[in-house]
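Asks: Give me the fold of what follows.
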Amino acid sequence: MSPRIRLVAPSGRERREIERAGIDRRFDISYDIDDASFFESKLYAADSSFDLGDHLECSVERLRGEGIDGLVSALDHPGSALAAFYADALDLPGPSPESVMRCQHKLESRKAQRRLVPDATPAFARLPVDRSGIGDPPLPFPFFIKPIKGRFSAFAQEIRDENTWRALATRRQEGRDLLPPKPFRDAFNALLHRLDGPFEGNADDLIAEGLLTGTQCTLDGLVHQGEVQILGIVDSIMYPGTISFARFQTPSLLPDEARRRMADIAERFMLGIGYDQGLFNIEFFYDPTDHRVSIIEVNPRLASGFADLYEKVHGTNLFEIAARLACGRDPGFSADSGHFACAASFVERVFEDRQVVSVPGATDIAEVRRRFPESRVEISARTGGRLSDVMQDMASFRIALVHLGGTDVADLESKHRQCMELLPFDLRPVEAEPSSSEWLDSENPKPTLPQGAPA
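Replies: The predicted structure follows:
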């Protein structure tokens, strides 16, 4: 009998990857636990009274006795944490809830990094929102602030000098313009309350961090029975002159020594916090001027956007590895057994808001797949609205993702150009008045994205 795997907070991407990689032929996959859109509707609505603690208890009871062998989630919050709590309650393989929450809690993650990998940890300090008076800045200028628990890089902003520090003090006193919606924060805090160990601060606080510079990348790895295995590194390539991602590309072109140091840092940190039986990814900066490697953030989950890139180059989809780990099996990963020498996720963007008149349809996407069978196309722009209606990186507007494999970088870029000729977008200029947002309301204008923050 095939192992029974339940997807926690799945999206359409999970179903697509599992079906295209044939994982559902090797595992009994169920999507019947609340999907990602359910949590979107609960955690980002201003008037939500959703109680994640109660939801967790009810879900555990619902899952108990079903003969489940493992749980997998690729959703940052609350999916990956819920999967860990479910697995713990049902005595199934998986990372401990504490290790997952320690990664997701940005202040506690930095504290653990300072203890375990101080050479890769920037300066940081807790910054409570409701602090009275201006006080002294917690770090030398410039630095940036962000929520202890956020999403994307929303509400992260650079504090350049005394003037921006004073302006921030006013907003902190008013509790304005600084944090995700209250239901989002309440859900994270509800999970914190279930842990035995003390955590400093919660989702109602901010963290200040020193600015990081250099080349950005993501290391993907796993821990199985106390042993770390590095799967690969994906380079983040920006649009020229911006801090917006143009594509994510693997294998990495960074120097061998930098990649070895990242692997060593990842192993020391993940084992040091007791993380086991799960995938993880760590975002790094590599500064070629002084060869410094610094952690941006640690994510205790698989990077779903890279799942098929690893399949293209190495032969195994990340969801396959996640399913194996979730039921206690060997991950079964071997490098360089895919059909392509390299792969990339191209991020299609525009840099001004637009009215979305039309986007590529199913026929257009089918033609791309006919021409390039390994391709993945995700359209994020929504017909009839504005690009700004969908949560963005605050510096640009993403309209689509296109994933491809190639013989080399030139081949990837050639395929990409051909794909975009097959994907028609009709985007028209809009007037400058404010538009609605799924994340921000009229009292929470869009924050700026600091240099070096992940988009």
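
Asks: Pick out the residue closest to the middle of the chain.
Replies: Nearest to the mean C-alpha position of the chain, by CA atoms, centre = their mean, lies Asp76 at 6.1 Å.

Asks: could you list every residue that touches the closest residue to Asp32 other than its chain neighbours?
Replies: Using CB to CB, 6 or more residues apart in numbering and skipping residues adjacent in sequence, the residue nearest Asp32 is Arg6, 7.3 Å away. (C-beta placed from N, C-alpha, C; glycine too.) The contact partners of Arg6, by CB atoms under 8 Å, 6 or more residues apart in numbering, come to Ser30, Asp32, Ile33, Leu63, Ile68, Gly70, Leu71, Val72.

Asks: looking at those, which has the most residues close by?
Replies: Neighbour counts for these (other CB atoms under 10 Å) peak at Val72, which has 30 neighbours.

Asks: pLDDT at that one, what is it?
Replies: Predicted confidence (pLDDT) for Val72: 97.

Asks: Quick check, it in contact with Val8.
Replies: Yes: with contacts counted by CB atoms under 8 Å, Val72 reaches Val8, the gap being 6.9 Å.

Asks: which neighbours do the two share?
Replies: Overlap between the neighbourhoods of Val72 and Val8 consists of Ala83, taking contacts as CB under 8 Å, 6+ apart.

Asks: From Gly135, how far out is the closest residue to Pro137 other than its chain neighbours?
Replies: Sequence neighbours aside, Trp165 is the residue nearest to Pro137 in space, at 5.2 Å (criterion: CB to CB, 6+ apart). Taken as CB to CB, to the nearest Å, the spacing of Trp165 relative to Gly135 amounts to 9 Å.

Asks: For Asn202, which three-state class applies?
Replies: coil (DSSP: H, G, I helix; E, B strand; the rest coil).

Asks: so who does it touch?
Replies: Listed by CB under 8 Å, 6+ apart, the contact partners of Asn202 are His105, Ile148, Lys149, Arg185, Phe188, Asn189, Leu192.

Asks: Then Ser2?
Replies: If you count contacts by CB under 8 Å, 6+ apart, then Ser2 has Arg26, Phe27, Asp28 around it.

Asks: out of these, which is most surrounded?
Replies: The most neighbours of any of the contacts of Ser2, using other CB under 10 Å, belong to Phe27, which has 22 neighbours.

Asks: returning to that earlier point: restricted to helices, list the contacts of Arg6.
Replies: Restricting the contacts of Arg6 to those inside helices, with DSSP state H as the criterion, leaves Leu63.

Asks: returning to what we had before: which one of Trp165 and Gly135 is surrounded by more residues?
Replies: It is Trp165, of Trp165 and Gly135, that has more neighbours when counted by other CB under 10 Å, with 18 against 11.

Asks: Remind me which helix or strand the residue nearest to Pro97 when sequence neighbours are not counted belongs to.
Replies: Computed as CB to CB, 6+ apart, the closest residue to Pro97 that is not its neighbour in sequence is Ala84, at 4.5 Å. Secondary structure assignment for Ala84, by DSSP states H and E: helix 81-89.

Asks: And for that helix, what's in contact with it?
Replies: Counting by CB under 8 Å, 6+ apart, the neighbours of helix 81-89 from elsewhere in the structure are 8-9, 56, 59-60, 63-64, 70-73, 92-97, 99-101, 104, 191, 194, 278, 300, 326.

Asks: for that helix, the distance to its chain's centre please.
Replies: On the basis of CA atoms, centre = their mean, to the nearest Å, the separation between the geometric centre of helix 81-89 and that of its chain is 19 Å.

Asks: for the record, mean pLDDT for it?
Replies: Predicted confidence along helix 81-89 averages 98 (mean pLDDT).

Asks: Same check on stretch 321-333?
Replies: 97.

Asks: Endpoints of that stretch, how far apart?
Replies: 7 Å (CA to CA, to the nearest Å).

Asks: heads up, I number from 51, so please use that
Replies: Sure, I'll start numbering at 51, so the last one becomes stretch 371-383.

Asks: buried ones in it?
Replies: Applying a neighbour-count criterion of 16 or more other CB atoms under 10 Å, the buried positions in stretch 371-383 are Ile371, Ala372, Ala373, Arg374, Leu375, Ala376, Cys377, Arg379, Pro381, Phe383.

Asks: Return the distance of it from the chain's centre.
Replies: In terms of CA atoms, centre = their mean, the centre of stretch 371-383 is set 21 Å apart from its chain centre.

Asks: Kindly list the longest strand within the protein.
Replies: When every strand of the chain is counted residue by residue (DSSP state E), the longest turns out to be strand 277-288.

Asks: Over to Arg310. Which of the three states is it?
Replies: helix.

Asks: That one: neighbour count?
Replies: By other CB under 10 Å, the residues close to Arg310 number 12.

Asks: From Thr268, how far out is it?
Replies: Taking CB to CB as the measure, Arg310 and Thr268 are separated by 16 Å.

Asks: for Ala316, same thing?
Replies: Taking CB to CB as the criterion, Ala316 is separated from Thr268 by 11 Å.

Asks: where does Glu111 fall, helix, sheet strand or coil?
Replies: When the rule is three-state DSSP, Glu111 gets the label helix.

Asks: burial of it, as a residue count?
Replies: Under the neighbour criterion other CB under 10 Å, Glu111 is assigned a count of 10.

Asks: try Leu304
Replies: For Leu304, the number of neighbouring residues by other CB under 10 Å comes to 18.

Asks: Could you check how far it is from Arg478?
Replies: 40 Å.

Asks: Quick one: low-confidence residue ranges for the stretch 101-250 of the chain.
Replies: When residues are selected by pLDDT under 70, those of the stretch 101-250 of the chain lie in 180-184, 202, 225-226.

Asks: 90 instead, please
Replies: For the stretch 101-250 of the chain, residues meeting the criterion pLDDT under 90 lie at 115, 178-186, 200-207, 216-229, 231, 246-248.

Asks: Now do the helices for it: every range, in order, please.
Replies: Defined through DSSP state H, counting those that start in this stretch, the helices belonging to the stretch 101-250 of the chain, from first to last, are 102-113, 131-139, 147-154, 156-166, 212-224, 232-242.

Asks: Can you lay out those helices as CSV showing distance to Arg467?
Replies: Formatted as CSV, the helices of the stretch 101-250 of the chain follow (distance: least, CB to CB, whole Å):
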stretch, distance to Arg467
helix 102-113, 45
helix 131-139, 39
helix 147-154, 38
helix 156-166, 38
helix 212-224, 41
helix 232-242, 39
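
Asks: Report the buried members of the contacts of helix 131-139.
Replies: Once neighbours are counted (16+ other CB under 10 Å), the buried part of those comes down to 58-59, 106, 109, 113, 120-123, 142-147, 149-151, 154, 241, 244, 328, 350, 376.
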